[in-house]
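>>> Model the structure of this input:
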Amino acid sequence: MRKIALFAHDAGGAEILLELLKASLQVGEFRIFSLVDSPCYTLIKTKKLKHFWHKITPEKNDIEAKLALFKPSIVLYGTGWQNHFEYYFLDYTKAHNIPSVAFLDHWTNYRERFGYPEKNWENNLPPFIAAHDQTSFDKAKTLGLPNIIAIKNYALAAQHKEAQSVLANIPENDTLLFLSEPTAKVATRSFGDAYGWGFTEKEVFTDILTFKKKFGCKNILIRLHPSDTHEVYQAIDPSATFSHSTLLEDIAHAKVVIGIDTVALYTAYLLGKYVLSYIPSNTRECCVPLPKENQLKRLEHFKILQLKTIKENPENFGMDFALFLEKQL
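Residues are numbered from 1 along each chain as shown. Got it, this is the predicted structure:
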């Protein structure tokens, strides 16, 4: 029987790999390796997959010893750019001549996930790099990353299935959903200046209020980012209303969804909503793959009908993991 080892640390890669596991139980014996103190472990518990989990520490010797006990046929791992524990898994596969696949998530810092621009960063490249949608695939190709493959995004498929159930039971109403982001905090951390990008969430929210009529919505509902606070928006509009529902419930209720460039905008776009990324600055671009018509820097001349809605099913991307295994093992 094939033995399939998974490793992830960050939430993005963990979502993709854990849903792949759930959809592919018939293809082999799975084992999930992760640190206790990681977003991945939190998701393992949430998805009730703890019986597949094997605890590791950040030490290379510990990781190699536990992989040796499992004796994997292939190793799949998520990619991060803030830490690189996955390199220990890659080193093990190279030393034992085992295939490995690095899974990309989001649409940014692709080369940096493998150590670029450090000297000899190419040594951190695995035999295969899996993209998660067509935009991801094209971006990785454009950057010159080798051996890009398209494997079905089971996390997206699971989210879409759940979303359809939610949307079927919650009616859309006359609401503009604002997905907040703590831009000032991030800019201060990155540049030492809250206005490092030339704007903050305050300007974004103020402009939304100023041009509210253009959205054709009676109500504005704010969905706070986990690192954001009510006070920022209440200081601008004391009557501001905040969400206490799930993301999918909020999207279902909304007629229009606006934000800066949170991934949740893309979720709303995939569900057929009118979606707008608003970044009032020429020094920052939207990193979410929305149509150009849905990416604005000014609202003065905005018309709701200029927004594009999705025309194709993103679930059609990629081959089944079972088929990939048949070809490689």
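>>> those helices in the stretch 51-200 of the chain, which residues are they?
For the stretch 51-200 of the chain, the helices defined by DSSP state H, counting those that start in this stretch occupy 60-70, 86-95, 134-142, 154-169, 183-191.
>>> So which of those is the most surrounded?
Mean neighbour counts were compared across the helices of the stretch 51-200 of the chain using mean count of other C-beta atoms under 10 Å; the top stretch is helix 86-95, at a mean of 18. To be clear about C-beta, it is placed using only N, CA and C from the backbone, and glycine gets the same treatment.
>>> what is the orientation angle of it with helix 60-70?
50 degrees (axes from the mean of the first three to the mean of the last three C-alpha atoms, to 10 degrees).
>>> would you turn the helices of the stretch 51-200 of the chain into CSV with distance to residue 76 and mean pLDDT?
Converted to CSV, the helices of the stretch 51-200 of the chain look like this (distance: least, C-beta to C-beta, whole Å; pLDDT from 0 to 100):
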stretch, distance to residue 76, mean pLDDT
helix 60-70, 13, 98
helix 86-95, 9, 98
helix 134-142, 16, 96
helix 154-169, 12, 92
helix 183-191, 30, 93
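>>> Mind checking those helices for the one nearest to residue 43?
helix 154-169 (10.2 Å; C-beta to C-beta).
>>> other SSEs contacting the closest one?
Judged by 3 or more C-beta pairs under 8 Å, 6 or more residues apart in numbering; DSSP states H and E, the packing partners of helix 154-169 are helix 11-23, helix 247-253, helix 263-270.
>>> Which of the residues in the next helix or strand after the longest one are classified as buried?
Moving toward the C-terminus from helix 11-23, the next helix or strand (DSSP states H and E) is strand 29-34. Of the residues in strand 29-34, those with enough neighbours to count as buried (16 or more other C-beta atoms under 10 Å) are 30-34.
>>> which neighbours does strand 29-34 have in its sheet, and in what orientation?
Counting by DSSP bridges, the strands paired with strand 29-34 are strand 3-7 (parallel), strand 53-55 (parallel).
>>> ranking those strands by burial, who's on top?
Most buried among those, given mean count of other C-beta under 10 Å as the contact rule, is strand 3-7, at a mean of 24.
>>> what's the angle between it and helix 11-23?
160 degrees.
>>> one step back: between the strands paired with strand 29-34, which one is nearest to residue 80?
The nearest among the strands paired with strand 29-34, by C-beta to C-beta, is strand 3-7 at 10.7 Å.
>>> And the contacts of that closest one?
Outside strand 3-7, the residues that touch it by C-beta atoms under 8 Å, 6 or more residues apart in numbering are 17-18, 21, 27-34, 67, 70-78, 85-86, 89.
>>> ditto for stretch 273-290
106-108, 133, 135, 197-199, 203-204, 207-208, 251, 254-263, 265-266, 268-269, 294-299, 302, 304, 307, 309.
>>> quick one: which of these sit in strands?
256-259, 295-296 (DSSP state E).
>>> what stretches of the chain score poorly on pLDDT?
Applying pLDDT under 70 to the chain flags the ranges 82, 313.
>>> mind redoing it with 90?
1, 80-83, 160, 164, 189-190, 226-227, 310-316, 327-329 (pLDDT under 90).
>>> Let me see the domain layout of it.
Following automatic domain parsing, the chain resolves into domains at 3-151, 159-306.
>>> Among the ones you listed, single out whichever gets nearest to residue 317.
Here domain 3-151 is closest among these (C-beta to C-beta), at 5.3 Å.
>>> Any figure for the gap between residue 193 and residue 278?
21 Å (C-beta to C-beta, to the nearest Å).
>>> which one of those two has more residues nearby?
Per other C-beta atoms under 10 Å, whichever of residue 193 and residue 278 has more neighbours is residue 278, with 25 against 11.
>>> Excluding covalently adjacent residues, which one is nearest to that one?
residue 296 (5.3 Å; C-beta to C-beta, 6 or more residues apart in numbering).
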